[in-house]
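Enquirer: Could you work out the structure for the sequence below:
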Amino acid sequence: MTPSHPAPIVLVHGLLGFDRIRLGPVELKNYFPGIEDQLAGAGYEVRVARLSRTRGVEARALELRRFIRTQFPGQRVHVFAHSMGGLDARYMITKLDMGDCVYSLTTIGTPHRGSSFADWGIRTLGWFLRPVLRLLGISRDAFEDLTVDRCRQFNEDVRDVPGVRYLSVAGRCDRSLLGPFWKLPHGIVQNAEGPNDGVVSVASATYGERCDIWEGDHLNLVNWRSRAASGRDYAERYTHLAWQVSK
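Expert: Prediction:
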């Protein structure tokens with residue numbers, strides 16, 4: 001049962017993400033397809049934050065704080081954050097004194113303990129990517145912030161805030177169901193950390209008072225369709241998450 005006056009929900013995208021892509025009045029792509037409508041239909045007011053795509057956790061956390069304070073001044077919200085967005089939200093709550101503005105944080109496929117694929121990428125491709133990104137004026141901080149060592153330091157420094165509920169969702173999928181893009185990272189993470197969603201392991205994504213495990217790849221968790229989703233509509237699961245944090 002949905003509470004009569006539920007608190008608003010803020011959806012937060014991950015690395016390289018967006019809120020929606022439009023061509024004039026036409027929406028070409030939504031980062032959380034179907035999820036906003038599902039939650040709105042259940043009686044929740046929903047907003048999707050739009051953060052920098054490759055800036056680091058600290059910078060994105062500042063953007064998220066600004067977004068919440070602008071959209072919901074004087075209100076407390078529930079935050080559902082995908083991937084790196086979960087680290088941004090944790091930093092915001094703890095380091096930017098937003099505990100009084102957030103009832104709960106549910107992280108979805110967030111690499112709380114880093115991703116060995118990020119380590120592999122920096123170790124293998126960093127020599128090429130660093131000068132290219134610098135030439136293009138694109139921040140590389142986000143990639144560094146997702147490494148295992150950086151997340152270990154993050155967890156030592158960013159402690160949970162009493163009074164805020166922390167929950168999580170982790171994904172796992174069979175490598176045979178993945179498209180070509182996911183097969184390499186899935187294998188790297190599988191060898192180093194075990195079952196994963198193609199980029200983040202179940203062990204790294206598990207956080208807080210409870211963790212639900214969904215079958216699917218990293219983007220299936222926010223209702224993008226692929227063969228790994230096996231026809232599942234993940235949007236419906238968000239009303240259950242909302243009910244869990246609202247009861």
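Enquirer: SS state for the residue lying closest to residue 98 once chain neighbours are set aside?
Expert: Distance criterion CB to CB, 6 or more residues apart in numbering; nearest residue to residue 98, sequence neighbours excluded, is residue 92 at 5.1 Å. Where you see a C-beta, it was placed from the backbone N, CA and C, and this is true even at glycine. With DSSP: H, G, I helix; E, B strand; the rest coil as the basis, residue 92 sits in helix.
Enquirer: Equivalent analysis for residue 198, please.
Expert: Under three-state DSSP, residue 198 comes out as coil.
Enquirer: Mind telling me what element the residue nearest to it when sequence neighbours are not counted is part of?
Expert: In space, residue 198 comes closest to residue 182 once its chain neighbours are excluded; the distance is 3.8 Å by CB to CB, 6+ apart. Using DSSP states H and E, residue 182 falls within helix 180-193.
Enquirer: and what of residue 213?
Expert: Assigned by DSSP H and E, residue 213 falls in strand 211-215.
Enquirer: okay, which residue is most central for the chain?
Expert: residue 82 (1.5 Å; CA atoms, centre = their mean).
Enquirer: For that one, give its distance to residue 89.
Expert: 10 Å (CB to CB, to the nearest Å).
Enquirer: any shared contact partners between these two?
Expert: 12, 107 (CB atoms under 8 Å, 6 or more residues apart in numbering).
Enquirer: ok so, going back, the strand holding residue 213 packs against which elements?
Expert: Here strand 211-215 touches strand 165-172, going by 3 or more CB pairs under 8 Å, 6 or more residues apart in numbering; DSSP states H and E.
Enquirer: For the protein, name the helix or strand with the lowest mean pLDDT.
Expert: Within the chain, no helix or strand scores below strand 20-23, which has a mean of 65 by mean pLDDT, DSSP states H and E.
Enquirer: So residue 96 is in contact with residue 59, correct?
Expert: No. Residue 96 is beyond contact range of residue 59, at 11.5 Å (criterion: CB atoms under 8 Å).
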